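In: Take a look and give me a structure for this.
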Amino acid sequence: MTTENTPGSTVQSTTGQMGKHPDIVAMGARYDRMAETPTAQLTDGLTMLAGLFVALSPWIVGFTQFGGLTVSNLVVGLVIAGLGACFALAYERSHRLTWVCPLLGAWTIVSIWAITGTEFTTSMALSNIIGGGVVVLLGLAAFVPFIRARRESRS
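Out: Presented below is the predicted three-dimensional model:
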């Protein structure tokens, strides 16, 4: 496949050819199969819901007076929910980001002390610890199929 870049010069394009390579097609099919399992669908859906809980927890639990933690939970929770949606909708393209969810879950837990210092309530702590812990576990569950696929492709 050739394309004209400027008058008189021809640039060779291999993008179309690489998309049809048998290894890439097989890898895409493998990731599609992984994403279609009931366990993966449940994990992705729960990740999205856990992210929404983390994002809305300042209003659900009632700690909006702590501005920094409220903003952190909102942003991190929306990112987690977005990643959960990406895993559900396009696992083939987003599987390399599965390692981010456990880190965001850990940040959700640690952010209580990192942002607010020593001033926090029990409900704030429980909300962030439980929400962050769930995100860590779901993120690890989403990461396991990616590791298995990598091992299978090496052997």
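
In: in the helix or strand hosting I115, what's buried?
Out: Per DSSP states H and E, I115 falls inside helix 100-116. For helix 100-116, a neighbour-count test (16 or more other C-beta atoms under 10 Å) marks 100-102, 104-105, 107-109, 111-112, 115-116 as buried. (C-beta placed from N, C-alpha, C; glycine too.)

In: Now tell me what touches it from outside.
Out: Residues outside helix 100-116 that contact it (C-beta atoms under 8 Å, 6 or more residues apart in numbering) are 47, 54, 66, 68-69, 72-73, 76-77, 79-80, 83-84, 120, 124-125, 128-129, 131-140, 142-143.

In: follow-up on the earlier one: in a markdown table: the buried residues of helix 100-116, plus distance to Q41.
Out: Shown next, in a markdown table, are those (distance: C-beta to C-beta, whole Å):
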| residue | distance to Q41 |
| --- | --- |
| V100 | 20 |
| C101 | 16 |
| P102 | 19 |
| L104 | 21 |
| G105 | 20 |
| W107 | 26 |
| T108 | 23 |
| I109 | 26 |
| S111 | 29 |
| I112 | 31 |
| I115 | 34 |
| T116 | 36 |
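
In: In CSV: the residues you listed, plus distance to P38 and pLDDT.
Out: Formatted as CSV, the buried residues of helix 100-116 follow (distance: C-beta to C-beta, whole Å; pLDDT from 0 to 100):
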residue, distance to P38, pLDDT
V100, 23, 94
C101, 19, 94
P102, 22, 95
L104, 24, 97
G105, 23, 97
W107, 29, 97
T108, 27, 97
I109, 28, 96
S111, 32, 94
I112, 34, 91
I115, 37, 89
T116, 39, 70
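
In: Show me which of these is closest to R93.
Out: V100 (14.2 Å; C-beta to C-beta).

In: And the closest one, how close does it get to C86?
Out: 10 Å (C-beta to C-beta, to the nearest Å).

In: what's the following helix or strand after the helix holding I115?
Out: helix 122-154.

In: What's the mean pLDDT across that next one?
Out: Per-residue pLDDT over helix 122-154 has a mean of 85.

In: Stretch 83-94 now?
Out: Confidence for stretch 83-94, expressed as mean pLDDT, is 82.

In: quick one: which helix or strand includes V54?
Out: Element membership for V54, per DSSP H and E: helix 38-57.

In: by contact count, what packs against that helix?
Out: helix 22-35, helix 67-89, helix 122-154 (3 or more C-beta pairs under 8 Å, 6 or more residues apart in numbering; DSSP states H and E).
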